[in-house]
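> Okay, structure incoming, though there's no sequence with it:
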């Protein structure tokens, strides 16, 4: 499956989020992030580390830097895989979880409304055609 391997880390998936395709995009992005063991940062299950009492400053700084690097890599992927009208909102977020939650709240209900509109239109067209 060489065609599915993504060699460019800045381009993890082929789908560009434009709003109405949120469910497809989020499914692909979720799968990609789980494959990179980064999904727990997005869900908030792996928050920024806290310094342990027995930990040296250097050790804590390294752990924090690793976490922050992963968090910002995710934010960069979100930006690179969405249209400007979507990703212009990302600058206010420091956490991948915040950006993900914003997208989910913004586009899940929109997508359901869009889906309802499509189903209604199809039903109407079926009735007209007999």
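Everything's here; your move. Quick caveat: nothing in here was measured; it's all calculated off a predicted structure. Numbers count the residues shown, from 1 in each chain.

> how close does residue 18 get to residue 123?
To residue 123, residue 18 is 26 Å away according to Cβ to Cβ, to the nearest Å. For the C-beta atoms, the positions are set from N, CA and C on the backbone; glycine is no exception.

> Looking at these two, which has the bigger crowd around it?
residue 18 (13 against 10; other Cβ atoms under 10 Å).

> ok, the more buried one touching residue 84?
No: Residue 18 lies out of contact with residue 84 (Cβ atoms under 8 Å); the separation is 10.1 Å.

> need the contact list for residue 83.
By Cβ atoms under 8 Å, 6 or more residues apart in numbering, the contact list for residue 83 reads 16, 17, 18, 19.

> rerun that using 6 Å as the cut-off
residue 18 (Cβ atoms under 6 Å, 6 or more residues apart in numbering).

> Can you give me the distance of it to residue 101?
In terms of Cβ to Cβ, residue 83 sits 19 Å off from residue 101.

> And residue 38, by the same measure?
Distance, residue 38 to residue 101, by Cβ to Cβ: 16 Å.
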